[in-house]
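A.B. asks: What follows is a predicted protein model with its sequence.
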Amino acid sequence: MWRGIVCGVLAGAFWGAVFIVPVLLPDFSPVELMVGRYICYGALAAGLMLPRLLPLLRRLRRSDWLAMLRQALAGNVVYYLLLAYGVKLAGVAPTSLIIGLLPLSVTILGRKDHGALPLRQLAWPLLVVALGIACINVDIFSHAGGAGGAGLAHKLAGVLCAVGALACWTWYALDNARFLKRHAHFSSVEWAMLYGLASGVIALVVGAAMLALQQASGADDAPARDWHRYWLVCLLLALGASVIGNYLWNLASRLVPVTLSGQLILSETLFALLYGFVYAQRMPRPLEWAAMVLLTAGVLWSVRRHAQEEGAGQEAGRT
């Protein structure tokens, strides 16, 4: 189990880097960041699966193609677009904290799949989470006052983008889990590579359309941007977050109980916050500290309640 915990924490360390990329490449739009990342991920997925790619593609049915495309859109393309816009407009800390609610949102919306607790038994954990969200929003808007109405509108748009990213990945996680349970003819690694490949194809289409629009409008690329750095960061992000991070998470998922994996996902949020504060060279403000503590406590409390209920159910089944 300890090996699984280490793998889960390391996966969170790779995933947390996703939140800092929009800050590292401020001259590039979220759409450009998405295109670069998933072109690289698609190329890596194709290369890793090359010896068995054609036989794997022949096994795909029409329903598999549809599932692959919708999961690539929701779990990769649209999710990362909204995440990047959230970071650009609201900052690393608010975006990572809001998306850090994933263990809770997946648990609540997937409770029919797993026989989870009724919402009334999660009232106190949810209240703690709500207080954490209130803290981070008060901090965001209290530090945007000097920017006037436009600054407040940007912050609000960033928060809404982060909430949209949370919704996208929650839906993807549930749809992916249900699909894999119904379609045992794909391993989790094979399916991850397939929707990575699909994400790369979508990114190529979006990138080609964007390039055509730029050329048609006569827009130039001045001032010159550091495209070498852009492709290097996109490649490292695809390799680290998408390939290595997902592999480590698959290892962790096999070695630790399901209820513990929900807690391990929080490592992504904590590493994202760490990277963001190190890059900004500052300590968290009081309300940011409060939001981090409250959100972490609320999510862990909820996961613990589900673990206790699951343990009680298993004990009752044995007796």
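C.D. replies: On my side now, so go ahead. Numbers count the residues shown, from 1 in each chain.
A.B. asks: tell me the phi and psi of residue 282?
C.D. replies: phi -150, psi 160 (degrees, to the nearest 10).
A.B. asks: Now for it, how many residues are close by?
C.D. replies: For residue 282, the neighbour count with other Cβ atoms under 10 Å is 10. All C-beta spots, glycine's among them, are computed from the backbone N, C-alpha and C.
A.B. asks: OK, contacts around it?
C.D. replies: Residues near residue 282 by Cβ atoms under 8 Å, 6 or more residues apart in numbering: none.
A.B. asks: measure it to residue 135 for me?
C.D. replies: 17 Å (Cβ to Cβ, to the nearest Å).
A.B. asks: ok, then the element right after the helix or strand of the chain with the lowest mean pLDDT?
C.D. replies: Least confident element among the helices and strands of the chain, by mean pLDDT, DSSP states H and E: helix 111-114 (a mean of 59). Later in the chain than helix 111-114, the nearest helix or strand by DSSP states H and E is helix 123-142.
A.B. asks: next structured bit after that following helix?
C.D. replies: With DSSP H and E setting the assignment, the helix or strand that follows helix 123-142 is helix 148-182.
A.B. asks: Return the list of helices and strands in contact with that next one.
C.D. replies: On a contact count with 3 or more Cβ pairs under 8 Å, 6 or more residues apart in numbering; DSSP states H and E, helix 148-182 meets helix 62-72, helix 79-90, helix 92-99, helix 102-109, helix 111-114, helix 123-142, helix 188-217.
A.B. asks: what's the following helix or strand after the last one?
C.D. replies: So the one you mean is helix 188-217. helix 227-237.
A.B. asks: okay, the angle between that next one and helix 79-90?
C.D. replies: 120 degrees (axes from the mean of the first three to the mean of the last three Cα atoms, to 10 degrees).
A.B. asks: buried stuff in helix 227-237?
C.D. replies: 230, 233, 234, 235, 237 (16 or more other Cβ atoms under 10 Å).
A.B. asks: Now tell me what touches stretch 237-246 from outside.
C.D. replies: Residues contacting stretch 237-246 (Cβ under 8 Å, 6+ apart): 11, 14-15, 17-18, 21, 37-38, 40-41, 43-45, 48, 192, 196.
A.B. asks: Now which of the residues you listed would you call buried?
C.D. replies: 11, 14-15, 17-18, 21, 37-38, 40-41, 43-45, 192, 196.
A.B. asks: Need the max-distance pair from the residues you listed.
C.D. replies: 11 and 43 (21.5 Å; Cβ to Cβ).
A.B. asks: Skipping its backbone neighbours, what lies nearest the residue nearest the centre of the chain in space?
C.D. replies: Nearest to the mean C-alpha position of the chain, counting by Cα atoms, centre = their mean, stands residue 169 at 6.2 Å. The shortest distance from residue 169 to any non-neighbouring residue, by Cβ to Cβ, 6 or more residues apart in numbering, is to residue 79 (5.1 Å).
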